[in-house]
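1. Here's a sequence, model it:
(chains A and B)
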Protein chains: 2
Amino acid sequence: MLNFEFKNPTKIIFGKGEIKKIATEIPKDAKVLMVYGSGSIKKNGIYSQVKKTLAEFDFLEFGGIPANPEYSVLLDALDIIKKENINFILAVGGGSVIDGVKFLSSAALYEGNEPWDILTKSIRTYKGIPFGTVLTLPATGSEMNSSSVISRKETKQKLGMGGPGLFPVFSILDPEVVRSIPQRQIANGITDAFTHVLEQYMTYPIGALLQDRFAESIMQTLIEIAPKIISDPSDYNMASEFMWCCTMALNGLIQKGVPGDWAVHAMGHELTALYGIDHARTLAIIAPRHYEYNIGSKKEKLAQYAERIWAIKSGDTLEKANAAIEKTEKFFNSLAIKTRLSEYTDDYTDTGKFVEEAFIKRGLNGIGEHRSLTPADARKIIEMSY
Amino acid sequence: MLNFEFKNPTKIIFGKGEIKKIATEIPKDAKVLMVYGSGSIKKNGIYSQVKKTLAEFDFLEFGGIPANPEYSVLLDALDIIKKENINFILAVGGGSVIDGVKFLSSAALYEGNEPWDILTKSIRTYKGIPFGTVLTLPATGSEMNSSSVISRKETKQKLGMGGPGLFPVFSILDPEVVRSIPQRQIANGITDAFTHVLEQYMTYPIGALLQDRFAESIMQTLIEIAPKIISDPSDYNMASEFMWCCTMALNGLIQKGVPGDWAVHAMGHELTALYGIDHARTLAIIAPRHYEYNIGSKKEKLAQYAERIWAIKSGDTLEKANAAIEKTEKFFNSLAIKTRLSEYTDDYTDTGKFVEEAFIKRGLNGIGEHRSLTPADARKIIEMSY
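-> Numbering: from 1, shown residues only, chains lettered A, B, ... in the order given. The predicted structure follows:
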């Protein structure tokens, strides 16, 4: 294992009926801003549950955080936080709402004039306004990590931020919220979490035995539950596993002591930027081709994955590796996730070139586990994905 | 999964050469008490490494914490803490030293007259003096949890304490310390960690898919590394896995959302009290017989363990369960850990009766996953272990 540091102080409160515990976790004298998204929480009962519990607090609310949390919208919330002396934020939503709240937490205490600098200048947040979350959409793991991705339409940027001050104080994970999530979002969540694990696992092997097995545990569980939770999102046991897998996939644990890749995300983000394809679906388009293109450095780990996850026992290392890629792609397809760019847009013939140019423009000269994939490599991978 | 809460704020600093990071983790103005055990750290170089790093701090030291940390010894350290206004404690040792420091952390801020009350009255610690650890003996997981077991010879008691105030602020896990650990202690550590996992896993099944797989990951890794680390404790990669497995086995993660058993520990403690048998070895004596005795309620989980850990594919549930128990016992034996009480003492014929009486005296009327094992059941299990 590589040397590492690990600290994750978020308190997870997991289980049915736990949303009411907000009341014991938020300081009694807090002035609270409840932040949410497009309003789906008003249809599924979560909004009223949360508001009922917040009744004993001095609180305001701010709805309308969009998917890919938008800077201009967040600035409106930031105004309220400052004018109203908010000192605790409650995010009620999925990854976008939680990511948005992380920005607010940081920006509220940021002393510079332009909060966007936090993102462009990679300013790490060591202290933000405390915040908690009520997770309504398992996928990103944002409920138990300290990073965030914020979008800004005006400048066409989508940038990351983070720091030890951005862990939620608490996160309430009630799997009963899953029953009202549309099938498409559940499929996205499974794909997102599965790819999060792959990004931390599918690298050159360094013999991190326990970390590998933890990563494999999450993937095995996701594969096992996927058809069940998609066909019946009201199955509480399956919803519990789905939710816990998504959290564990990106709460920092499985990334410790091992190399990370994250090239699939780097390329996938471009497809969202170009075509507005759902984040998870861009990962499913890129991942199989990325592993094919890089099979030279990844074949040992792919073969281990083939054996342990897909029970592929025959063939040599390369044959197992290729069979595992095929299984992975079929798994995404089984969730009704298409894995070819041409299935999402007719306007794909220059996508490889566009991504190459975008990477060059942004100085993204080396991505992947060895930071050795060039913009030209990215172009080839994208072209393979047509 | 069952509802659960999980919060573990300990910062883990893992890897070779990391002991020097003590200096950046302890507050600069702290007055530090360095606490250690029998002095083995003076032979393996850890003592001098730590003292060199502490040179820039105002610090005192207290050595001599024995295995099964003894109350009367800890009171001497407590005197120093109070007289010298110590406000940070550094534990350098294994589970006994760390457990002892947890008591000191709590007792230093305890306002009652008799610190032993913390244990006898089950007073939970919400705030203690902050402390960090440098782990020198992987086994108990105390470096990343908030509980402690303290012994008191005068009253022949061995009692537990804990609370959210007793997580180490940081723990430094440098696998290089493993090279100087005697083979017997490594075997004990593997057995201790393995049984910790079993106590949290080998219960009635509740369908906690991911949690089961995490537990299985630790056991699989321990089985894989055991012969290698015992034959060559200087193998850094194997030492890393050994150390990380021991921490993950009892840092709270795998116990969340699932029932716990812990009957093996309850019975094992009695064997240590009666005969001074190493803690880990008492677990290896009890566990196989406990699972045989309770095979009715545990057979499904034993069969799952048989299939996934020991690759036992033939036979019905009961046959697989029995085969898994046999494999477990042989695993302990492969570490030169004997699994029959008569191999440790000739004076065993009344042990079952003694344990039954001790349980009755202490009001321990129901142990195990259903709190349904009576003192008479414990007697039978002990008698089966002769």
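2. For chain A, what lies in contact range of chain B?
-> A:1-18, A:207-211, A:213-214, A:216-218, A:220-221, A:224-225, A:237, A:240-241, A:244-245, A:248, A:256-257 (CB under 8 Å from any CB of the partner chain). (C-beta placed from N, C-alpha, C; glycine too.)
3. Just the mean pLDDT for the top strand by length along chain A, thanks.
-> Assignment by DSSP state E gives strand A:4-14 as the longest strand of chain A. The pLDDT scores in strand A:4-14 average 98.
4. Heading C-terminal from it, find the next helix or strand.
-> Going down the chain from strand A:4-14, the next helix or strand is helix A:22-25, by DSSP states H and E.
5. Now that next one: average pLDDT?
-> 96.
6. Let me see the residues that make contact with it.
-> Under the contact criterion CB atoms under 8 Å, 6 or more residues apart in numbering or on different chains, helix A:22-25 has outside partners A:11, A:13, A:50, A:53-54, A:56-57, A:90, A:132, A:134, A:169-170, A:172.
7. repeat for stretch A:373-383
-> A:263, A:266-267, A:270-271, A:286, A:289-290, A:293-294, A:341, A:351-353, A:355-357, A:359-360, A:364-367.
8. ok, back up a step: among the contacts of helix A:22-25, which ones are in strands?
-> A:11, A:13, A:90, A:132, A:134, A:170, A:172.
9. before we move on, the earlier item: please identify which of the contacts of helix A:22-25 is nearest to chain B.
-> Chain B lies nearest to residue A:11 out of the contacts of helix A:22-25, by CB to the nearest CB, at 3.8 Å.
10. Please verify my assumption that the closest one contacts residue A:171.
-> Yes: assessed by CB atoms under 8 Å, residue A:11 is found in contact with residue A:171 at 7.4 Å.
11. The two: which has the busier surroundings?
-> More crowded of residue A:11 and residue A:171, by other CB atoms under 10 Å in any protein chain shown: residue A:171, with 24 against 20.
12. excluding its backbone neighbours, what's nearest that one?
-> Once flanking residues are discounted, residue A:171 sits nearest to residue A:143: 4.0 Å by CB to CB, 6 or more residues apart in numbering or on different chains.
13. what do you get for residue A:2?
-> residue A:257 (5.1 Å).
14. Over to residue A:336?
-> Using CB to CB, 6+ apart, the nearest residue to residue A:336 is residue A:187, at 5.9 Å.
15. which strands and helices sit next to whichever strand or helix holds the one you found?
-> Taking DSSP H and E as the definition, residue A:187 sits inside helix A:183-201. Helices and strands touching helix A:183-201, by 3 or more CB pairs under 8 Å, 6 or more residues apart in numbering or on different chains; DSSP states H and E, are helix A:209-231, helix A:236-249, helix A:263-275, helix A:279-293, helix A:317-334.
16. for it, which positions count as buried?
-> A:185-201 (16 or more other CB atoms under 10 Å in any protein chain shown).
17. okay but residue A:43 is in contact with residue A:180, surely?
-> Yes: in this structure, residue A:43 is within contact of residue A:180 by CB under 8 Å, at 7.2 Å.
18. more neighbours, those two?
-> Counted by other CB under 10 Å, residue A:43 and residue A:180 do not tie: residue A:180 has more neighbours, with 16 against 9.
19. Ramachandran angles for the more buried one?
-> phi -100, psi 10 (degrees, to the nearest 10).
20. measure it to residue A:47 for me?
-> Counting by CB to CB, to the nearest Å, the separation of residue A:180 from residue A:47 is 12 Å.
21. same thing with residue A:151?
-> 24 Å.
22. for residue A:364, what are its contacts?
-> A:266, A:358, A:375.
23. Next, the residue nearest to residue A:171: phi, psi?
-> phi -70, psi -10.
24. What is the burial count for it?
-> 30.
25. Do I have it right that it meets residue A:135?
-> Yes: using CB under 8 Å, residue A:143 is in contact with residue A:135, at 4.7 Å.
26. Please give me every residue in contact with the most centrally placed residue in chain A.
-> Centroid check for chain A by CA atoms, centre = their mean gives residue A:140 as the closest residue, at 2.6 Å. Contacts for residue A:140 (CB under 8 Å, 6+ apart) come out as A:94-95, A:98-99, A:192, A:246, A:250.
27. Can you lay out the helices and strands packed on helix A:183-201 as CSV showing mean pLDDT and mean neighbour count?
-> Shown next, in CSV, are the helices and strands packed on helix A:183-201 (pLDDT from 0 to 100; neighbours: other CB atoms under 10 Å in any protein chain shown):
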stretch, mean pLDDT, mean neighbour count
helix A:209-231, 98, 21
helix A:236-249, 98, 25
helix A:263-275, 93, 22
helix A:279-293, 97, 25
helix A:317-334, 98, 18
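28. Go through those helices and name the closest to residue A:71.
-> Nearest of the helices and strands packed on helix A:183-201 to residue A:71, taken as CB to CB: helix A:263-275 at 14.9 Å.
29. Show me what that closest one is in contact with.
-> Here helix A:263-275 has contacts from A:68, A:156, A:158, A:195, A:198-199, A:277-279, A:282-283, A:285-287, A:290, A:341, A:344-345, A:347, A:351, A:354-355, A:358-359, A:364, A:367-369, A:373, A:378, A:381-382, using CB under 8 Å, 6+ apart.
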